[in-house]
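Undergrad: using only what follows, build the 3D model:
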Amino acid sequence: MNDVNNCNHINNLYFKAFNEKDLDVLASQLYSPNVVLKDWIGEWVGRDNVLLENKKFFENEFTLTVENTIMGFDNDMHLVTAKNDIVIEIGGETINAVDEIVFEQNTSKIRSITAYKR
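TA: The predicted model follows:
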């Protein structure tokens, strides 16, 4: 089932797991097998590759705060999306970014994450 409320719950779980550096939850509950992560550094395709990149990122001390979330539904694609305004504090730097998350239609697992600086 892919409704906006369920996807909002998954969205919140994603940021909780990310902040807790919980690779197990990301792997087993949140990422689809073919998840794609794109950001200003690169692109990673597939759950294993995305988890490896997460693991590298988690070696840093950071804080990630979600300032605002807008949930949406793409009528043409029949997909739920979440646009998250986030602030990342890492290595003495503050990064204002947007994480756009797309959820799989049947499972509501995360299909893609596109992050860009704002």
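Undergrad: contacting residues for the closest residue in space to residue 84 that isn't next to it in sequence?
TA: Of all residues not flanking residue 84 in the chain, residue 99 sits nearest, at 4.4 Å (C-beta to C-beta, 6 or more residues apart in numbering). C-beta: built from backbone N, CA, C; applies to glycine. When contacts are counted by C-beta atoms under 8 Å, 6 or more residues apart in numbering, residue 99 touches 82-84, 86, 113-115.
Undergrad: element containing residue 99?
TA: strand 93-103 (DSSP states H and E).
Undergrad: quick one: buried residues of that strand?
TA: Using 16 or more other C-beta atoms under 10 Å as the burial criterion, the residues of strand 93-103 that qualify are 95, 97, 99-103.
Undergrad: quick one: end-to-end length of stretch 104-114, please.
TA: 15 Å (C-alpha to C-alpha, to the nearest Å).
Undergrad: give me the distance from that stretch to the chain's centre.
TA: Stretch 104-114 sits 10 Å away from the centroid of its parent chain (C-alpha atoms, centre = their mean, to the nearest Å).
Undergrad: report the buried residues of it.
TA: Quick answer for stretch 104-114 (16+ other C-beta under 10 Å): 104, 108-114.
Undergrad: which parts of the protein are helices?
TA: 4-19, 23-25, 47-58 (DSSP state H).
Undergrad: mean pLDDT and mean neighbour count added to the ones you listed, as a markdown table?
TA: What follows is the helices of the chain, written out as a markdown table (pLDDT from 0 to 100; neighbours: other C-beta atoms under 10 Å):
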| stretch | mean pLDDT | mean neighbour count |
| --- | --- | --- |
| helix 4-19 | 93 | 17 |
| helix 23-25 | 97 | 14 |
| helix 47-58 | 97 | 16 |
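Undergrad: closest to residue 39 out of these?
TA: helix 47-58 (9.0 Å; C-beta to C-beta).
Undergrad: and the strand holding residue 99, what's its mean pLDDT?
TA: Average pLDDT, strand 93-103: 96.
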